[in-house]
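**Q** Below are the sequence and a predicted model; questions follow.
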Amino acid sequence: RNCVVTVTPLTLARRPGAAVVIEDSSGVEHAEQMRRDFVANVSHELKTPLTALMGFIETLQGPARSDAAARDRFLGIMEREAGRMNRLIGDLLSLSRVEQEERRRPLDRVDLAALIRSVCATLAPAAAAAGVSLVRIGTAEAAEIGGDADQIQQVLHNLIENAIKYGSKAGQGGEVRVTLAHVPHEPLLRGPGWSVEVADDGEGIDEIHLPRLTERFYRVDNHRSREKGGTGLGLAIVKHIVARHRGRLKIESTAGQGSRFTFILPG
Ligand code: ADP
């Protein structure tokens, strides 16, 4: 640990003495180091697509100017890289907004069942393209909780999208199950709640990665995440939104067999 020790002579009840103050600066330094790492990560993540874009612009202005086939191919790549930057900036904005609001618990009436239906409908084309069947389990017609609808929608979107992206073993398709259930008494919440479980039977995650999975920019496989258009911020956003709702997030996974992400919100 890093400590600063200050000794100040003083007189107490006419007797000479000294005040000894020991300050532990490890926590502050750790936070400062995390902030530096975050800035370095963001810069790197933005610089990579930007460098690619600049390279292609230069090529299009020069050698590929009159080559229509090359121009179309390069424009396609440029669109992908610009999309990557756009997603990253969107996720950074979401993250900073949730962090700023973390102390204020949102309490609008939100229907979890309706949000699940809506997110599954939005992601149905992505699931179909990946050969994944998206199954909704749970009989509740409505599941009302106090929360922020946009943010809960984002949690559902990030978890279900991940399950579709990583939940199919190469080329084999798979099944993603979204289960909504009422929990009459959840010990961790000290009361009733609603749980949403997103389970896949895909590649799974080795247990050494599990404790770090919700850190910003932590990826199990950098190449695979980038190839799938990931920003590395999805689960960090999920963690902060669930915390803001005073809920709990549980991640269980077995390498080679699949993963289960469960969040429970009071309600
Ligand atoms: P990304 O944008 O890379 O998907 P996330 O924060 O959403 O970032 O996820 C972090 C990492 O966790 C991913 O890069 C991936 O390695 C792993 N991961 C997330 N969900 C799953 C899942 N359902 N199955 C396997 N791995 C997953």
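**A** Yep, it's here. Quick caveat: nothing in here was measured; it's all calculated off a predicted structure. Numbering: from 1, shown residues only.
**Q** Contact residues of the protein facing the ligand?
**A** With the criterion set to Cβ under 6 Å from any ligand atom, the chain comes near the ligand through 158, 162-163, 166-167, 200, 202-203, 205, 213, 219-221, 225, 230-236, 259. C-beta here means a position set from N, CA and C on the backbone, and glycine is covered the same way.
**Q** Which ChimeraX command selects the buried ones in these?
**A** Filtering these down to the buried ones (16 or more other Cβ atoms under 10 Å) takes a single ChimeraX command:
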select :158,162,163,166,167,200,202,203,205,213,219,220,225,230,231,232,233,234,235,236,259
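**Q** In helices, which of the residues of the chain next to the ligand appear?
**A** Assignment to helices by DSSP state H places the following of the residues of the chain next to the ligand there: 158, 162-163, 166, 225, 234-236.
**Q** Looking at the stretch 1-150 of the chain, which residue is nearest the ligand?
**A** Per Cβ to the nearest ligand atom, the residue of the stretch 1-150 of the chain with the smallest distance to the ligand is residue 91, at 8.0 Å.
**Q** helix/strand/coil for that residue?
**A** With DSSP: H, G, I helix; E, B strand; the rest coil as the basis, residue 91 sits in helix.
**Q** nearest residue to it other than its sequence neighbours?
**A** residue 233 (4.0 Å; Cβ to Cβ, 6 or more residues apart in numbering).
**Q** Touching the helix or strand bottoming out on mean pLDDT in the chain from outside, list them.
**A** Lowest mean confidence among the helices and strands of the chain (mean pLDDT, DSSP states H and E): helix 222-227, at a mean of 84. With contacts defined as Cβ atoms under 8 Å, 6 or more residues apart in numbering, helix 222-227 is touched by 166, 219, 232.
**Q** And these, which is closest to residue 76?
**A** Residue 76 lies nearest to residue 232 out of the contacts of helix 222-227, by Cβ to Cβ, at 23.5 Å.
**Q** Was I right to think the closest one contacts residue 216?
**A** Yes. Contact criterion Cβ atoms under 8 Å: residue 232 and residue 216 qualify, at 7.0 Å.
**Q** Next secondary structure element downstream of the helix or strand hosting residue 153?
**A** Secondary structure from DSSP states H and E places residue 153 in helix 149-166. Using DSSP H and E, the helix or strand that follows helix 149-166 in sequence is strand 174-186.
**Q** Give the other helices and strands that that next one contacts.
**A** Here strand 174-186 is seen to pack against helix 112-129, strand 132-137, helix 149-166, strand 191-200, strand 258-266 when contacts are counted using 3 or more Cβ pairs under 8 Å, 6 or more residues apart in numbering; DSSP states H and E.
**Q** which parts of the first one are buried?
**A** What that stands for is helix 112-129. For helix 112-129, burial by neighbour count (16+ other Cβ under 10 Å) applies to 112-113, 115-116, 119-120, 123, 127.
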